[in-house]
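Chemist: quick one, structure for this:
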Amino acid sequence: MNMFIVLFVMILINISITFLAIYLYKKKMFVQYNRMLQRLDRVLAGKRLDTVYDESLDSAISERLNRIIELTEIQTGRAESERDIVKSLISDISHQIRTPLANITLYIGLLKEEIAEEKAIRLSDKIEKNAEKLDSFMKDLIKSSYAEQELISVTPRYMEVDELIKKGCQYVELEALKKNIQIDAEYHGYMGYADPKWTEEAIGNIIENAVKYSPEGTSVRVDSIQYETFVCIQIKDNGIGIPEEEQGKVFQRFYRASNIRDKQGYGIGLYLAREVLRRQQGYIKLKSVQNKGTTVEVFLLKKTS
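Modeler: Have a look, this model is predicted:
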């Protein structure tokens, strides 16, 4: 009987030691994993780890994590440098080409006034259309360089919303005139929180889309509405609209709806507008019915008294 008691006690002691060893091991592993997570958090934040150079596994892990940070910094520096070079190159090329392109367009207009032969007029019309196409490509090229998020740096302030609408309408006056499209703008004297340069660009892009995708002889309406917190700039056209299943994608970079693939453009304007507005605490909404028109609403923070 005593032997059974002794055996039972020994088994009980062994089980207790085993459970204690498992508990201590788990506790040790938890501490090590927690330390590893803290190190990874520092690495993700771009901070180097303090390393003691010895033969331990802990030191080897820290040293390799530091090497990862160094390699990441090198690659990031190279990418930023290359991006800046590309941006500068695009900007230089665009500005150098746009001046002679504007001169070509001007000279074509003067030439058409002087010539009377039908064949010469047809040729000058073709030159003019190709010059317009090249100008459109150059504008999209500039927008694509703007679309880099790091390049969009806004300095918003409270300003007249009417001024943004006027500049946005001026942005597309020539295109609207060529298509005999009437731009009807309403002015109310509201104040909104916006960066003048970037927001004018964003509004201009939206109105440009409205003109581009509207039939000749129609109209585009630009109005502003004041709500409790925001001022809304509303751009409404009577154009081809956007398929319902694609309306959630049109603010993606380089996305173009399936019913406009035959028209010029790279799908940058709405993406650029969304990024500009997001950086100044505003937002953008879109409502569209295919073949009936599109309404784009730009929301700017309202100035409170």
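Chemist: next one: phi and psi at Arg155?
Modeler: Check again: residue 155 is Thr, not Arg. Here is the backbone geometry of Thr155 (degrees, to the nearest 10): phi -130, psi 80.
Chemist: let me see the contact set for it.
Modeler: Thr155 makes contact with Asp195, according to CB atoms under 8 Å, 6 or more residues apart in numbering. The way it works is simple: take the backbone N, C-alpha and C, and place the C-beta from them, glycine included.
Chemist: ok, how many other residues are close to the residue nearest to Ile104 when sequence neighbours are not counted?
Modeler: Leaving aside its chain neighbours, Ile104 sits nearest to Ala131 (5.2 Å; criterion: CB to CB, 6 or more residues apart in numbering). Close neighbours of Ala131, defined as other CB atoms under 10 Å, add up to 18.
Chemist: so what's Ala131 scoring on pLDDT?
Modeler: We have a pLDDT of 77 for Ala131.
Chemist: can you show me the strands along this structure?
Modeler: Under the criterion DSSP state E, the chain contains strands at 157-160, 182-185, 191-194, 219-226, 230-236, 283-289, 293-301.
Chemist: average pLDDT for the fourth one?
Modeler: Averaged across strand 219-226, the pLDDT comes to 95.
Chemist: just checking: what are the partner strands of it?
Modeler: strand 182-185 (parallel), strand 230-236 (antiparallel) (DSSP bridges).
Chemist: pull out the buried residues from it.
Modeler: Of the residues in strand 219-226, Val220, Arg221, Val222, Ser224 count as buried by neighbour count, 16 or more other CB atoms under 10 Å.
Chemist: circling back: distance to Leu65 added to the strands paired with strand 219-226, as JSON lines?
Modeler: Converted to JSON lines, the strands paired with strand 219-226 look like this (distance: least, CB to CB, whole Å):
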{"stretch": "strand 182-185", "distance to Leu65": "58"}
{"stretch": "strand 230-236", "distance to Leu65": "46"}
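Chemist: which among those strands is found nearest to Glu208?
Modeler: strand 230-236 (10.0 Å; CB to CB).
Chemist: mind checking the pLDDT average for that closest one?
Modeler: Mean pLDDT, strand 230-236: 96.
Chemist: ok, and what's touching that strand?
Modeler: Residues outside strand 230-236 that contact it (CB under 8 Å, 6+ apart) are 161, 164-165, 190-192, 203, 206-207, 210, 220-226, 282, 293-302.
Chemist: all helices for the stretch 101-250 of the chain, in order.
Modeler: Secondary structure of the stretch 101-250 of the chain (DSSP state H, counting those that start in this stretch): helices located at 118-146, 161-170, 173-178, 196-212.
Chemist: low pLDDT regions in the stretch 101-250 of the chain?
Modeler: Within the stretch 101-250 of the chain, the segments meeting pLDDT under 70 span 116, 139-151.
Chemist: so which of the strands paired with strand 219-226 is the most packed in?
Modeler: By mean neighbour count, with neighbours taken as mean count of other CB atoms under 10 Å, strand 230-236 ranks first of these at a mean of 21.
Chemist: columns distance to Val231 on top of the helices of the stretch 101-250 of the chain, output as TSV?
Modeler: Converted to TSV, the helices of the stretch 101-250 of the chain look like this (distance: least, CB to CB, whole Å):
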stretch	distance to Val231
helix 118-146	24
helix 161-170	5
helix 173-178	24
helix 196-212	12
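Chemist: of all the ones you listed, which lies closest to Arg78?
Modeler: helix 118-146 (18.9 Å).
Chemist: angle of the closest one against helix 196-212?
Modeler: 140 degrees (axes from the mean of the first three to the mean of the last three CA atoms, to 10 degrees).
Chemist: run the chain-centre distance for helix 118-146.
Modeler: The chain centre lies 26 Å from the centre of helix 118-146; the measure is CA atoms, centre = their mean, to the nearest Å.
Chemist: and it, what does it pack onto?
Modeler: helix 57-114, helix 269-278 (3 or more CB pairs under 8 Å, 6 or more residues apart in numbering; DSSP states H and E).
Chemist: among the strands of the chain, which is nearest Arg48?
Modeler: For the strands of the chain, the distance to Arg48 is smallest for strand 283-289, at 38.6 Å, taking CB to CB.
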